[in-house]
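Q: Have a look; sequence and predicted model below, questions after that.
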Amino acid sequence: MGTRTKTLYDTDFVEWTAHTAELLRSGRTGEVDMEHLVEEIEDLGKSERSAVLSQVARMLMHLVKERIQPERSGASWRTSIANAQIEIVFKLEDSPSLRRYLEEKLERAWLIAVKTAILETNLPRARHSEIPEKCPYTLDELLEGIPEPR
């Protein structure tokens, strides 16, 4: 590994990516900063998982808010739910393995959504029992259409 690529990674990430791509395209793999390249590839996968899970949590948060404040439900919440759904579907088209990840993390997303909805609505503790402890939706229900509150 060349000293230049190690220095570039530490001082100018964008230039490092361009230089690394150039090295790979030209077949000069021996000069590639493999340690950082592997880390960056792993981070790309983590970033995709985080982004799609965040969209599920956003969708669920609005569904929770609709449940506890149906009188405040409106186009903004429904649009946010629909936009999250679209983003998730697009991500799953590009990376079908994310479906398995989302199925595994659905309950975690639900807990995050519930906490956020409670904070945003300032829901009194006496009403917390109105929210199911476990996610009342399957991933398929969330992706097939905008779920109706249960």
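A: It's in.
Q: What strand or helix carries residue 134?
A: Counting by DSSP states H and E, no helix or strand carries residue 134.
Q: wait, it sits on residue 109?
A: No: using C-beta atoms under 8 Å, residue 134 is not in contact with residue 109; the gap is 11.8 Å. Using the backbone N, CA and C atoms, a C-beta is placed for each residue, glycine as well.
Q: With neighbour numbers in mind, choose between these two.
A: residue 109 (23 against 9; other C-beta atoms under 10 Å).
Q: mind listing what's buried in the one helix or strand that one maps to?
A: Per DSSP H and E, residue 109 falls inside helix 98-121. By neighbour count with 16 or more other C-beta atoms under 10 Å, helix 98-121 contains the buried residues 98-99, 102, 105-106, 109-110, 112-114, 116-118.
Q: Likewise for stretch 67-81?
A: Those would be 67, 68, 77, 81, for stretch 67-81 by 16+ other C-beta under 10 Å.
Q: Chain neighbours aside, what residue packs nearest to the third one?
A: When the adjacent residues along the chain are set aside, residue 77 lies closest to residue 62, with 4.5 Å between them (C-beta to C-beta, 6 or more residues apart in numbering).
Q: quick one on the thing from earlier: report the two of the buried residues of stretch 67-81 separated the most.
A: 68 and 81 (15.0 Å; C-beta to C-beta).
Q: For the longest helix out of those in the chain, which helices and strands make contact with it?
A: Looking across the chain with DSSP state H, the single longest helix is helix 34-68. For helix 34-68, the elements it packs on are helix 3-11, helix 13-25, helix 75-94, helix 98-121, helix 139-144, judged by 3 or more C-beta pairs under 8 Å, 6 or more residues apart in numbering; DSSP states H and E.
Q: Alpha carbons of the third one, as PDB, please.
A: Okay, so that is helix 75-94. Coordinates of each C-alpha in helix 75-94 appear next as PDB, following Å, rounded to 0.1, in the frame of the first residue of the first chain:
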ATOM      1  CA  ALA A  75     -52.200  15.000   4.800                       C
ATOM      2  CA  SER A  76     -48.800  15.800   6.300                       C
ATOM      3  CA  TRP A  77     -48.700  12.500   8.300                       C
ATOM      4  CA  ARG A  78     -50.100  10.500   5.500                       C
ATOM      5  CA  THR A  79     -47.600  12.000   3.000                       C
ATOM      6  CA  SER A  80     -44.800  11.200   5.400                       C
ATOM      7  CA  ILE A  81     -46.000   7.600   5.700                       C
ATOM      8  CA  ALA A  82     -46.300   7.200   1.900                       C
ATOM      9  CA  ASN A  83     -42.900   8.800   1.300                       C
ATOM     10  CA  ALA A  84     -41.200   6.500   3.800                       C
ATOM     11  CA  GLN A  85     -43.000   3.500   2.200                       C
ATOM     12  CA  ILE A  86     -41.700   4.600  -1.300                       C
ATOM     13  CA  GLU A  87     -38.200   5.000   0.000                       C
ATOM     14  CA  ILE A  88     -38.300   1.500   1.600                       C
ATOM     15  CA  VAL A  89     -39.600  -0.100  -1.500                       C
ATOM     16  CA  PHE A  90     -36.900   1.500  -3.700                       C
ATOM     17  CA  LYS A  91     -34.200   0.400  -1.300                       C
ATOM     18  CA  LEU A  92     -35.600  -3.200  -1.200                       C
ATOM     19  CA  GLU A  93     -35.700  -3.300  -5.000                       C
ATOM     20  CA  ASP A  94     -31.900  -2.400  -5.100                       C
END
